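Participant: I'll drop the sequence and a predicted model, then ask my questions.
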Amino acid sequence: MTVPKFKYINIEAYRPGKSVIKKNTNYIKLSANESSLGISPKVLKIFKNKNLITNRYPDSKSKVLRMAISKHNNCDFNKIICGSGSDEIIQMICQLYLNKNDEVILPEYSFLMYRIYSKIVGAKVRFSKENNFKISISNILKKVTNKTKIVFIANPNNPTGTYLSKSELITLRRKLNKKILLVIDDAYYEYNLNKDYISGLDLFKSSKNVFVLRTFSKIYGLASLRIGWGYGDKKIINELYKIKPPFNINYFAELCATKAISDKQFIKKSVSHNIFWGNKIKSNLENYKIISNEVTCNFLLLNFKNCKISSKLFMKRLIDNRIIIRSMEEYKIKNCLRLSIGNSKENKYLLTVVKKIFKNV
Ligand SMILES: Cc1ncc(COP(=O)(O)O)c(C=O)c1O
């Protein structure tokens, strides 16, 4: 039978980290870098409000939320656009900038959606090598051609947990051709307290060729509501508004994100929790020669190259004990796993299970 022909897209669809293995088992999910402390109590109060409006369309420009973002980040209201997750902003940026055969540069180990959305619009992805899991500026520069349109980096980077310092970011922007858009994804910036670190937003607020991504899915604990934002030059933002689906942010998500951003106390608590448990888990795992990045975000990339057992066996043993962490197979990082920092109960349980695993090998 003749049927309408669709385009063939030569990419693998994004596969999220596992959240269940067998039904009806109470798994501990430490695979998706979600908020370990849930959500702010101030946001929880909104859930109890019985007067939520659902028959009206939401504000297509999310003005209330953008006002709050502008106030709390000391940045320009007119340079903010909200997306259904920062994910949607990545998609819109690719639609806006990339034609068939244009090139995009990505660090070899980077968030998978950059390559997926770039390829969907027909662009070619060039991967820059990393040094010991850290983004290499010189290697990015080596990959530049006259077809390069965008360089995407997450800082700190997912899944490696490493970061570029302020001076490195400045060097990258200075040495990169001015016509190339540098996209800096700040998804995990709140967790990185290192003195030489600065978020993309704080460094490049006034830049015309840097675009910044932020999300409410990580420290704010709103992953399921799908809400993030982008920040860039007004001309870019105006064009993105032409592409943006009109009602991409639902009313409830906007309400929750607006409240979440005002709760500094919750963010402070989440950061301290993360630093405490991140370092505790890191040093505990080092006893078994499982090495990891310094704590810069809410996950650790665990490297098993010196360990008695392989990452595969370790993951299997964790699953046997109801703990799910992220395989690095899709990212093509050998003998490594990514572990999100959980709440105190989950972390304590994890350390007990690890002890048990190594007792029996
Ligand atoms: C670096 C990075 N950017 C963006 C995202 C997507 O965030 P969102 O939930 O806002 O789409 C993730 C999610 O894991 C991420 O790790």
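Facilitator: That came through fine.

Participant: switch to C-alpha atoms for all contacts and neighbour counts from now on
Facilitator: Will do.

Participant: so what pLDDT did residue 22 get?
Facilitator: Confidence at residue 22, expressed as pLDDT, is 66.

Participant: with residue 144 instead?
Facilitator: pLDDT at residue 144 comes out at 98.

Participant: mind listing what the one residue sitting closest to the centre of the chain touches?
Facilitator: Most central in the chain under Cα atoms, centre = their mean is residue 187, positioned 4.5 Å from the mean C-alpha point. Neighbouring residues of residue 187 by Cα atoms under 8 Å, 6 or more residues apart in numbering: 154-156, 213-215, 218.

Participant: ranges for the strands of the stretch 101-250 of the chain?
Facilitator: 103-107, 124-128, 130-131, 134-135, 148-154, 181-185, 210-215, 228-231 (DSSP state E, counting those that start in this stretch).

Participant: on that earlier part again, pipe the contacts of residue 187 into JSON lines and attach pLDDT and neighbour count per row.
Facilitator: Output for the contacts of residue 187, formatted as JSON lines (pLDDT from 0 to 100; neighbours: other Cα atoms under 10 Å):
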{"residue": "154", "pLDDT": "98", "neighbour count": "27"}
{"residue": "155", "pLDDT": "98", "neighbour count": "26"}
{"residue": "156", "pLDDT": "98", "neighbour count": "28"}
{"residue": "213", "pLDDT": "98", "neighbour count": "26"}
{"residue": "214", "pLDDT": "98", "neighbour count": "25"}
{"residue": "215", "pLDDT": "98", "neighbour count": "27"}
{"residue": "218", "pLDDT": "98", "neighbour count": "22"}
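
Participant: just these that are near the ligand?
Facilitator: Among the contacts of residue 187, the residues that sit close to the ligand (Cα under 6 Å from any ligand atom) are 154, 215.

Participant: what's the closest of the strands of the stretch 101-250 of the chain to residue 6?
Facilitator: Minimum separation from residue 6 across the strands of the stretch 101-250 of the chain (Cα to Cα) falls at strand 124-128, 20.4 Å.

Participant: what parts of the stretch 201-350 of the chain come near the ligand?
Facilitator: Proximity of the stretch 201-350 of the chain to the ligand, by Cα under 6 Å from any ligand atom, involves residues 215, 217, 223, 226-228.

Participant: list the contacts of whichever residue of the stretch 201-350 of the chain sits closest to the ligand.
Facilitator: Evaluated by Cα to the nearest ligand atom, the stretch 201-350 of the chain has residue 215 as its residue closest to the ligand, separated by 4.3 Å. Residues in contact with residue 215, defined by Cα under 8 Å, 6+ apart, are 85-86, 186-187, 227-229.

Participant: from those, which two are the most distant?
Facilitator: Applying Cα to Cα across the contacts of residue 215, the maximum distance is between 186 and 227, 14.0 Å.

Participant: between these two, who's got more neighbours?
Facilitator: Set residue 186 next to residue 227 and count neighbours by other Cα atoms under 10 Å: residue 227 wins out with 26 against 22.

Participant: and that one, what pLDDT?
Facilitator: Confidence score, pLDDT, at residue 227: 98.

Participant: backbone dihedrals for the closest residue to it other than its chain neighbours, please?
Facilitator: Counting by Cα to Cα, 6 or more residues apart in numbering, residue 85 is the residue found nearest to residue 227 once chain neighbours are left out, at 4.0 Å. Dihedral pair for residue 85: phi 80, psi 160, per degrees, to the nearest 10.

Participant: neighbours around residue 85, how many?
Facilitator: Residues lying near residue 85 (other Cα under 10 Å) number 24.

Participant: now residue 61
Facilitator: Using other Cα under 10 Å, residue 61 has 17 other residues around it.

Participant: now do the same contact list for it.
Facilitator: So residue 61 contacts 81-82 (Cα under 8 Å, 6+ apart).

Participant: wait, is it part of a strand?
Facilitator: No. Judged by DSSP: H, G, I helix; E, B strand; the rest coil, residue 61 forms no part of a strand; its state is coil.

Participant: ok, back up a step: for the residue nearest to the centre of the chain, grab phi and psi.
Facilitator: Here residue 187 shows phi and psi, under degrees, to the nearest 10, equal to phi -50, psi -40.

Participant: tell me how far it lies from residue 326.
Facilitator: 18 Å (Cα to Cα, to the nearest Å).

Participant: just residue 111 next, same as before
Facilitator: Relative to residue 326, residue 111 is positioned 13 Å away (Cα to Cα).

Participant: between the two, who's got more neighbours?
Facilitator: Counted by other Cα under 10 Å, residue 111 and residue 326 do not tie: residue 326 has more neighbours, with 23 against 19.

Participant: that one reaches residue 336, doesn't it?
Facilitator: No. Using Cα atoms under 8 Å, residue 326 makes no contact with residue 336, being 9.2 Å away.

Participant: what about residue 320, how many residues close to it?
Facilitator: Neighbours of residue 320 using other Cα under 10 Å come to 12.

Participant: ok, now which ones touch it?
Facilitator: Not one residue lies near residue 320 by Cα under 8 Å, 6+ apart.

Participant: before we move on, what about residue 279?
Facilitator: 294-295.

Participant: let's verify it: helix, strand, or coil?
Facilitator: At residue 279 the chain is in helix, as set by three-state DSSP.

Participant: where does residue 19 land on pLDDT?
Facilitator: 67.
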